[in-house]
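# Generate coordinates for the sequence data below:
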Amino acid sequence: MVSKTLDDLFLDTLKDIYYAERKILKALPKMARGAVSPELKAAFEKHRDETQGQIERLQQIFELLSKRAVGKTCAAIEGILDEGEDILEEYKGSPALDAGLISSAQAVEHYEMTRYGTLHRWAQDLGMSEAAKLLAETLEEEKSTDKALTGLADASANAKAKAKKAAA
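Next up is the predicted model:
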């Protein structure tokens, strides 16, 4: 039996989030095009730029580990992004589209926060201070994006979706 360690878990999880971030980077422009409100479009475009930076930080961590940056298929992000695609199709032209896109984006953010939180802790436990610093930076960006999405939902998206339904 092969003995696996926390180092192995760290590398596997790093590959998982690297794959996920690259998939998210491809999905964000489509979500921005689908969004109705200019504020939500801008939020998706801003996060696309942040995601590019997050991928670069992950590549730096692979370099610190002297490993090639390579992703590992992440079924979780595939499912979350598929749900977002469904919302784009099923709610297109609907007043609830933006609220649905925000919920999809927050599902992505929450997945990322769990991964970055775990990786940050493991990096600390493994004495990888530089990796921990890079992961903490990304974790804070993900929390900030989640908070901004909640703000957009509270400020208008949820009310618009609810008000239109009541008027119908």
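# per-residue confidence for Tyr72?
Not quite, residue 72 is Lys, not Tyr. Among the per-residue scores, Lys72 holds a pLDDT of 97.
# Surely it is in contact with Lys15?
Yes - between Lys72 and Lys15 a contact is recorded at 3.7 Å, counting by CB atoms under 8 Å. (Glycine included, C-beta is placed from N, CA and C.)
# More neighbours: which of these two?
Lys15 (19 against 14; other CB atoms under 10 Å).
# helix or strand for the more buried one, which one?
Secondary structure from DSSP states H and E places Lys15 in helix 6-34.
# which parts of that helix are buried?
Going by neighbour count (16 or more other CB atoms under 10 Å), the buried part of helix 6-34 is 10-11, 13-25, 27-28, 31-32, 34.
# Could I get the average pLDDT for it?
For helix 6-34, the mean confidence score works out to 97.
# Output the contacting helices and strands for that helix.
helix 38-64, helix 75-90, helix 97-125 (3 or more CB pairs under 8 Å, 6 or more residues apart in numbering; DSSP states H and E).
# so of those, which one's packed in deepest?
The highest mean neighbour count among those, using mean count of other CB atoms under 10 Å, belongs to helix 97-125: a mean of 20.
# ok, now how distant is the residue nearest to Thr138 when sequence neighbours are not counted from Glu90?
Leaving aside its sequence neighbours, Thr138 sits nearest to Gln54 (CB to CB, 6 or more residues apart in numbering; 4.8 Å). Using CB to CB, to the nearest Å, Gln54 is found at 29 Å from Glu90.
# next one: Ala20
Taking CB to CB, one finds Ala20 at 23 Å from Glu90.
# same check, this time on Ile61
37 Å.
# low-confidence ranges in this protein?
1, 164-168 (pLDDT under 70).
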